[in-house]
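Colleague: Just need the structure, nothing else, for what follows:
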Amino acid sequence: MNGAPRRPTARGVGLRLRGLFPGTSSGYLGSSFFELLQQEFPLGSAATAVVAPAGAAPVAVPHGTTVLALRCSNAVVVAGDRLATEGYRVASRDVQKVYATDDHSLIAIAGAAGPCIEMAKLLRIELEHYEKIEGEALELEGKANKLSQMIRANLPAAMQGLVVVPIFAGFDRRRRMGRLWKYDVTGGRYEETEYEATGSGGLFARESLKKSYRPDASREDAVRAAIEALTDAADEDRGTGGVDTLRGIYPTVNVCSEAGIEIVAPERVAEIHRELIERRRSRA
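Modeller: Now for the predicted structure:
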């Protein structure tokens, strides 16, 4: 009927939302919040960071250590310990290293804690901003590309020791499968089909996952493998916190599937860890 109201299209919604930012001095009309920040506040952008003189000592800041991700049946598991170190000193025992960037994706951070946490939060805002402007969410691979751009912009800071090396993972609703990517300091991204770990204990966590990983593993088995890998890493790497039973601090473990993101309760992590220790004691 001619008099019936028309349902707004995604493009129409996006165009109206762009009108909310008419006063930007740069005239930027794109859908990227990160690019908008670079245009409007160039002096505060990581891409314009001042490079330290040659031979200058790296900046001493707290560093997040070991994080990992692995695929399982129709989902992806992302986990990280809670310890942050500054050289040989414990900077914090209760750092959050796994962040939800939207309902179907996660970032696990390793490297200089401040820039890592800021990048994780900025990526979440970036994805929310894009969806509001365009009227639809990015594909999972597009989200991985956005993170790659942020890491590349951080390269000058990385040359001063403020390195950010995250893992990005999520559930691809179009392909109906879990996917994960690792990155290097230049923003290069590499999709892994099985598992990945990074940080100071990343090598030991990967070796542990290499023994326990199965492509058809259930979510429960994948969660167990993640906790065992972090326990193995903590046993070999002094920068990895593992499970702190004295203070009741446990690794963060998230499962991302088509239904969304599920946080594994600390009580369940503690239970799996106890079972792991008892099994190893029985073998001794």
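
Colleague: Would you agree residue 61 is in contact with residue 114?
Modeller: Yes. If you go by C-beta atoms under 8 Å, residue 61 and residue 114 touch, sitting 6.2 Å apart. Using the backbone N, CA and C atoms, a C-beta is placed for each residue, glycine as well.

Colleague: joint contacts of those two?
Modeller: Common neighbours of residue 61 and residue 114, using C-beta atoms under 8 Å, 6 or more residues apart in numbering, are residue 162.

Colleague: Please list all residues in contact with residue 71.
Modeller: 77, 177, 178, 179, 180, 193, 194, 195, 215, 222.

Colleague: If it is in a bridge, with which residues?
Modeller: Taking DSSP bridges as the rule, residue 71 bridges to residue 76.

Colleague: if we can go back for a sec, just put the contacts of residue 71 in JSON lines and tack on distance to residue 162, pLDDT and neighbour count.
Modeller: Converted to JSON lines, the contacts of residue 71 look like this (distance: C-beta to C-beta, whole Å; pLDDT from 0 to 100; neighbours: other C-beta atoms under 10 Å):
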{"residue": "77", "distance to residue 162": "28", "pLDDT": "98", "neighbour count": "30"}
{"residue": "177", "distance to residue 162": "34", "pLDDT": "95", "neighbour count": "16"}
{"residue": "178", "distance to residue 162": "30", "pLDDT": "96", "neighbour count": "26"}
{"residue": "179", "distance to residue 162": "28", "pLDDT": "97", "neighbour count": "21"}
{"residue": "180", "distance to residue 162": "24", "pLDDT": "98", "neighbour count": "27"}
{"residue": "193", "distance to residue 162": "30", "pLDDT": "92", "neighbour count": "9"}
{"residue": "194", "distance to residue 162": "30", "pLDDT": "96", "neighbour count": "13"}
{"residue": "195", "distance to residue 162": "27", "pLDDT": "97", "neighbour count": "25"}
{"residue": "215", "distance to residue 162": "36", "pLDDT": "88", "neighbour count": "10"}
{"residue": "222", "distance to residue 162": "32", "pLDDT": "97", "neighbour count": "27"}
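
Colleague: Need the CA coordinates for the helix or strand containing residue 208. PDB is fine.
Modeller: Per DSSP states H and E, residue 208 falls inside helix 202-212. C-alpha atoms of helix 202-212 as PDB (Å, rounded to 0.1, in the frame of the first residue of the first chain):
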ATOM      1  CA  GLY A 202      53.500 -19.600  24.200                       C
ATOM      2  CA  LEU A 203      56.100 -22.200  23.100                       C
ATOM      3  CA  PHE A 204      55.400 -24.500  26.000                       C
ATOM      4  CA  ALA A 205      51.600 -24.100  25.700                       C
ATOM      5  CA  ARG A 206      51.800 -25.000  22.000                       C
ATOM      6  CA  GLU A 207      53.900 -28.100  22.800                       C
ATOM      7  CA  SER A 208      51.200 -29.100  25.200                       C
ATOM      8  CA  LEU A 209      48.400 -28.500  22.700                       C
ATOM      9  CA  LYS A 210      50.300 -30.400  20.100                       C
ATOM     10  CA  LYS A 211      50.000 -33.600  22.200                       C
ATOM     11  CA  SER A 212      46.400 -33.100  23.300                       C
END
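
Colleague: Which elements pack onto the helix or strand just after it?
Modeller: Sequence order places helix 219-236 as the next helix or strand after helix 202-212, per DSSP H and E. Here helix 219-236 touches strand 67-72, strand 75-80, helix 202-212, strand 252-257, helix 266-283, going by 3 or more C-beta pairs under 8 Å, 6 or more residues apart in numbering; DSSP states H and E.

Colleague: If anything else comes up later, I'll come back, but that's it for now.
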